[in-house]
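Student: need a 3D model of the following:
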Amino acid sequence: MNIQGLKNRRLFERTPCALLGDYNNSNHKAVGTKCYDISTTGAGLFLFERLAKGFEMQLNLITKKIAPLSLAGKICWCRKEATGYRAGIAFNKSLNLPLEALA
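Tutor: Residues are numbered from 1 along each chain as shown. Take a look at the predicted model:
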């Protein structure tokens, strides 16, 4: 199958961003993260540790207009990369604010 035959599985448009933040890991230790894209229903994250699918987290992001923005959700996927891990989180509740306000 070629690239044109692949479907984008995301139902909502993502907005690229470079937001810093943190979450509490399974040891209840605050761990830094970087959000690289966000939609009304989820976000893409760079992590320094592997998180299991289904891991529930409270993500706290620092934005220009809302600091911190706290979002509860679950990890949908997590995969190893050269410098850490890349993961996707699905929020428990959809965001009710314009995504442009976050960048």
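Student: buried residues in the longest strand seen in the chain?
Tutor: Longest strand in the chain, counting residues (DSSP state E): strand 69-81. Neighbour counts using 16 or more other CB atoms under 10 Å place Leu69, Leu71, Gly73, Lys74, Ile75, Cys78 of strand 69-81 among the buried residues. To be clear about C-beta, it is placed using only N, CA and C from the backbone, and glycine gets the same treatment.
Student: quick one: contacts for the fifth one?
Tutor: Think Ile75. Applying CB atoms under 8 Å, 6 or more residues apart in numbering, we find Ile75 in contact with Leu51, Ala52, Lys53, Gly54, Phe55, Met57, Ala87, Gly88, Ile89.
Student: go with 6 Å
Tutor: Listed by CB atoms under 6 Å, 6 or more residues apart in numbering, the contact set of Ile75 reads Leu51, Lys53, Phe55, Ala87, Ile89.
Student: equivalent analysis for the second one, please.
Tutor: If a contact means CB under 6 Å, 6+ apart, then Leu71 has Leu59, Phe91 as its contacts.
Student: could you number the chain from 12 rather than 1 from now on?
Tutor: Will do, 12 is the new start, and the previous item becomes Leu82.
Student: how close does it sit to Lys91?
Tutor: In this view, Leu82 and Lys91 are 24 Å apart by CB to CB, to the nearest Å.
Student: so what's the residue count around the closest residue to Thr74 other than its chain neighbours?
Tutor: Spatially, and ignoring its direct neighbours in sequence, Thr74 is nearest to Leu113 (4.8 Å; CB to CB, 6 or more residues apart in numbering). Here the number of neighbours of Leu113 (other CB atoms under 10 Å) works out to 19.
Student: before we move on, what about Lys64?
Tutor: Lys64: 11 surrounding residues under other CB under 10 Å.
Student: am I right that it is in a strand?
Tutor: No. Under DSSP: H, G, I helix; E, B strand; the rest coil, Lys64 falls outside any strand and is assigned coil.
Student: okay, it: pLDDT?
Tutor: Predicted confidence (pLDDT) for Lys64: 97.
Student: so how far is Gly99 from it?
Tutor: 10 Å.
Student: and for Leu113?
Tutor: For Leu113, the distance to Gly99 equals 17 Å [CB to CB].
Student: good, we can wrap up now.
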